[in-house]
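Asks: Predicted model and sequence below, questions to follow.
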Amino acid sequence: MTPEDRIKDMGLVLPPPAAAVANYVPWAVTGNLVMTSGNLPWRDGKLAYVGKIGKDLTGEDGYLSCQLSCLNAIAQLRDALGSLTKVKRIIRLEGTMGVDESFKDHPKCLNGASDLINTVFGERGRHTRMIYTNPVMPLDCTSLVVLYAEAET
Amino acid sequence: MTPEDRIKDMGLVLPPPAAAVANYVPWAVTGNLVMTSGNLPWRDGKLAYVGKIGKDLTGEDGYLSCQLSCLNAIAQLRDALGSLTKVKRIIRLEGTMGVDESFKDHPKCLNGASDLINTVFGERGRHTRMIYTNPVMPLDCTSLVVLYAEAET
Amino acid sequence: MTPEDRIKDMGLVLPPPAAAVANYVPWAVTGNLVMTSGNLPWRDGKLAYVGKIGKDLTGEDGYLSCQLSCLNAIAQLRDALGSLTKVKRIIRLEGTMGVDESFKDHPKCLNGASDLINTVFGERGRHTRMIYTNPVMPLDCTSLVVLYAEAET
């Protein structure tokens, strides 16, 4: 099974690569490393998750928002490399979330991204991770995901 | 026109590379990649922008603060490489801002950095971008900019 | 003296590499670069520093929390490379802290990490640095430290 097959197998659809929301690019390659910009939870051209986890949204929503942001990040990797079979390794996952100060389970929400990566890429998905919370998010989105991936040479 | 010429053409002045504000260094090189530390909006040895956008400062101030932090980051790239003509590609722009919770246009403020990069480096300035907001900023500065650049070999 | 010797000389103990707190890995290597995940201030399997600097903890606690998070990050570098003598250069230190809005000295707290790196690695420890504050931290920990290190080939 290819990574693309595993995405379908999860009942998910790899979206078309979203354009950047301002005058930058969604991905860049340096050496064997692909780096993405921050990916919002886009679905069919609209933000599927807006607002803060623990206030406007539940933890389960937060999980799905991180999953969707990550799916958009994976779409950028495919755009950069032509095929996800060219991903040798997911090196870094960076997840930034808008959460209410009372909400403490945001690491479980970011598991929405980690679980997706692990399922889709298997051994090649063994990634490092850094988690951030920010008081104000672009377009009030719930999550931003950045991926660094090593490409097959 | 060189990147240095384009900076002058914008009516801007590339500042001398600022010293780090603590016991770290302003840039490091690994392989072909130059990474900078977080750059504050220094002008003539003073912070030109202090406080939060949307409370102490307008969005236009925020734009100029990000532009100035980025100009300081570009000064570090020149210090690292000797000349900005050695920049093969700006890979990543990281912008962190102090904003009031009511202010939602911080992505437009970070365009102050993106517009500068695009104008100065043209095709070589096509960068990825990640945006953060932080509740407390070092020295209460308005913006911090990090650049990753690929150097000509 | 080796980096390991210098750690002992400071009266510190390099902890065993902590497991990731979710389904990701503590470090990854791409090319000559080792990148760690975010490191919490673990000591003997417990978080030694919890809560916000300037509210629940003093600035001195914050310094020690960053030092301990960094010590845990260094333990990951040793796990990745087998020995700290294989560290050619510390490239990037990323420090993220939970601080009260009234507390402004968090850069001094992050010196706990920078001082440790400089002492342990000497000239090879000359690192870039980026500092973040986040409203909500994983497990309410006081500090998270990420290191990027270039390995000897």
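Replies: Okay, I see it.
Asks: what's near enough to touch A:Arg124?
Replies: Neighbouring residues of A:Arg124 by C-beta atoms under 8 Å, 6 or more residues apart in numbering or on different chains: A:Val87, A:Lys88, A:Arg89, A:Ile90. For the C-beta atoms, the positions are set from N, CA and C on the backbone; glycine is no exception.
Asks: Retrieve the pLDDT associated with it.
Replies: For A:Arg124, the pLDDT comes out at 98.
Asks: same question, the one 3 residues further on
Replies: According to the per-residue confidence, A:His127 scores 98 in pLDDT.
Asks: Would you confirm that it contacts A:Leu116?
Replies: No: taking C-beta atoms under 8 Å as the definition, A:His127 is not a contact partner of A:Leu116, at 10.7 Å.
Asks: Out of the contacts of A:Arg124, list just those in strands.
Replies: Judged by DSSP state E, the subset of the contacts of A:Arg124 located in strands is A:Val87, A:Lys88, A:Arg89, A:Ile90.
Asks: I'd like the residues you listed laid out as TSV, including pLDDT, neighbour count and distance to B:Lys104.
Replies: Shown next, in TSV, are the ones in strands among the contacts of A:Arg124 (pLDDT from 0 to 100; neighbours: other C-beta atoms under 10 Å in any protein chain shown; distance: C-beta to C-beta, whole Å):
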residue	pLDDT	neighbour count	distance to B:Lys104
A:Val87	98	24	34
A:Lys88	98	16	39
A:Arg89	98	19	36
A:Ile90	98	29	31
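Asks: Now for the residues you listed: which two are most distant?
Replies: A:Lys88 and A:Ile90 (9.1 Å; C-beta to C-beta).
Asks: can you list residues touching both of the two?
Replies: In contact with both A:Lys88 and A:Ile90: A:Arg124, A:Ala149, using C-beta under 8 Å, 6+ apart.
Asks: what's the longest helix along chain A packed up against?
Replies: Taking DSSP state H as the assignment, the helix of chain A that covers the most residues is helix A:59-81. Judged by 3 or more C-beta pairs under 8 Å, 6 or more residues apart in numbering or on different chains; DSSP states H and E, the packing partners of helix A:59-81 are helix A:3-9, strand A:27-30, strand A:33-36, strand A:42-43, strand A:87-97, helix A:106-121, strand A:143-151.
Asks: Turn the ones you listed into JSON lines, columns for distance to C:Ile74.
Replies: Shown next, in JSON lines, are these (distance: least, C-beta to C-beta, whole Å):
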{"stretch": "helix A:3-9", "distance to C:Ile74": "34"}
{"stretch": "strand A:27-30", "distance to C:Ile74": "26"}
{"stretch": "strand A:33-36", "distance to C:Ile74": "23"}
{"stretch": "strand A:42-43", "distance to C:Ile74": "38"}
{"stretch": "strand A:87-97", "distance to C:Ile74": "19"}
{"stretch": "helix A:106-121", "distance to C:Ile74": "23"}
{"stretch": "strand A:143-151", "distance to C:Ile74": "21"}
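Asks: sorry, back to before: and the contacts of A:Arg124, which is closest to B:Gly112?
Replies: Of the contacts of A:Arg124, the one sitting nearest to B:Gly112 (C-beta to C-beta) turns out to be A:Ile90, at 31.8 Å.
Asks: what are the bridge partners for the closest one, then?
Replies: A:Ile90 has these beta-bridge partners by DSSP bridges: A:Ala149.
Asks: The residue positioned nearest the centre of chain A: what's it in contact with?
Replies: In chain A, the residue lying closest to the centroid (C-alpha atoms, centre = their mean) is A:Cys70, at 1.7 Å. Applying C-beta under 8 Å, 6+ apart to A:Cys70 gives the contacts A:Asn39, A:Leu93, A:Gly112, A:Ala113, A:Leu116, A:Ile117, A:Val145, A:Leu147.
Asks: what's the burial count for the closest residue to it other than its chain neighbours?
Replies: Distances taken as C-beta to C-beta, 6 or more residues apart in numbering or on different chains place A:Ala113 nearest to A:Cys70, at 3.7 Å, with adjacent residues excluded. Neighbour count of A:Ala113, defined by other C-beta atoms under 10 Å in any protein chain shown: 30.
Asks: my guess is A:Ala113 meets A:Arg92, correct?
Replies: No: with contacts counted by C-beta under 8 Å, A:Ala113 stays clear of A:Arg92, the gap being 11.5 Å.
Asks: which residues touch A:Leu40?
Replies: Residues counted as contacts of A:Leu40 (C-beta under 8 Å, 6+ apart) are A:Ala18, A:Val21, A:Leu47, A:Ser69, A:Asn72, A:Pro138, A:Leu139, A:Cys141, A:Ser143, A:Leu144.
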